[in-house]
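# quick check, what structure comes out for this input:
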Amino acid sequence: MLIAHRIALDPTDKQGTYFARASGTARFAWNWALAQWQRQ
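I've put the predicted structure just below:
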């Protein structure tokens, strides 16, 4: 049996900016690693 919890986020403007910046950084790292893998 799988149980999942849904949690709604209601960030402030400062927190929303941080979340966007953090996810952008993670996406950049993923794309970089993917390009390195494909290059090899």
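# I'd like the average pLDDT over stretch 17-26.
Stretch 17-26 comes out with an average pLDDT of 88.
# mind checking how far residue 29 is from residue 7?
Using CB to CB, to the nearest Å, residue 29 is found at 25 Å from residue 7. Yep, even glycine has a C-beta here, placed from its N, CA and C like the rest.
# which one of these two is surrounded by more residues?
Using other CB atoms under 10 Å, the more surrounded residue of residue 29 and residue 7 is residue 29, with 10 against 4.
# so the more buried one, which of the three states?
Look at residue 29: counting by DSSP: H, G, I helix; E, B strand; the rest coil, its state is helix.
# where does it land on pLDDT?
92.
# from residue 39, how far out is it?
16 Å.
# what's the answer for residue 8, then?
40 Å.
# likewise residue 2?
To residue 39, residue 2 is 38 Å away according to CB to CB.
# of these two, which one has the most company?
Using other CB under 10 Å, the more surrounded residue of residue 2 and residue 39 is residue 39, with 6 against 3.
# element containing the residue nearest the centre of the chain, please.
Central residue of the chain (CA atoms, centre = their mean): residue 23, 3.3 Å from the mean position. Residue 23 is part of helix 13-39, with elements assigned from DSSP states H and E.
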